[in-house]
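Participant: Sequence isn't available, so here's the structure alone:
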């Protein structure tokens with residue numbers, strides 16, 4: 001995969017409007033009428049990561065959700081930029097496996 005592509009299986013951050021929200025997730029599909037991710041609100045990502053790192057009971061989890069395109073302000077690939085480490089890379093470092101592995105997707109490079 002090119003570092004410039006956003007394809008199925010790519011960790012992404014969605015900026016949504018009406019209401020304003022930020023979601024982190026794995027892109028499942030990008031359609032003309034919307035976006036489907038397996039994700040979580042960005043404010044609870046750290047709670048989910050700690051839960052996964054400690055093998056704790058699932059109190060916080062990801063859901064599969066469709067967002068209509070009119071709610072999407074923008075979508076970014078979750079990637080490390082300079083000193084700002086991606087959420088996916090932080091997860092892999094804290095948990096010891098990639099987000100794709102934690103979610104049951106094929107094994108993948110932590111920076112994917």
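Facilitator: Great, that's in hand. None of the values given here were measured: they were computed from a predicted structure.
Participant: Give the pairing partners of the longest strand along the chain; include direction for each.
Facilitator: The longest strand of the chain (DSSP state E) is strand 21-31. Sheet partners assigned to strand 21-31 using DSSP bridges are listed as strand 11-16 (antiparallel), strand 34-41 (antiparallel).
Participant: quick one, which of the ones you listed is nearest to residue 80?
Facilitator: strand 11-16 (11.1 Å; Cβ to Cβ). All C-beta atoms are positioned from the backbone trio N, CA, C, and that covers glycine.
Participant: In that closest one, which of the residues would be classed as buried?
Facilitator: Within strand 11-16, the residues scored as buried using 16 or more other Cβ atoms under 10 Å are 11-14, 16.
Participant: Check stretch 27-45 too.
Facilitator: Neighbour-count burial for stretch 27-45 [16+ other Cβ under 10 Å]: 27-28, 30, 35-42, 45.
Participant: repeat for stretch 16-24
Facilitator: By 16+ other Cβ under 10 Å, the buried positions in stretch 16-24 come out as 16, 23-24.
Participant: which among the residues you listed gets closest to residue 4?
Facilitator: Checking the buried residues of stretch 16-24 against residue 4 by Cβ to Cβ gives residue 24 as the nearest, at 19.9 Å.
Participant: isn't the closest one right up against residue 38?
Facilitator: No - counting by Cβ atoms under 8 Å, residue 24 does not reach residue 38; the two are 10.2 Å apart.
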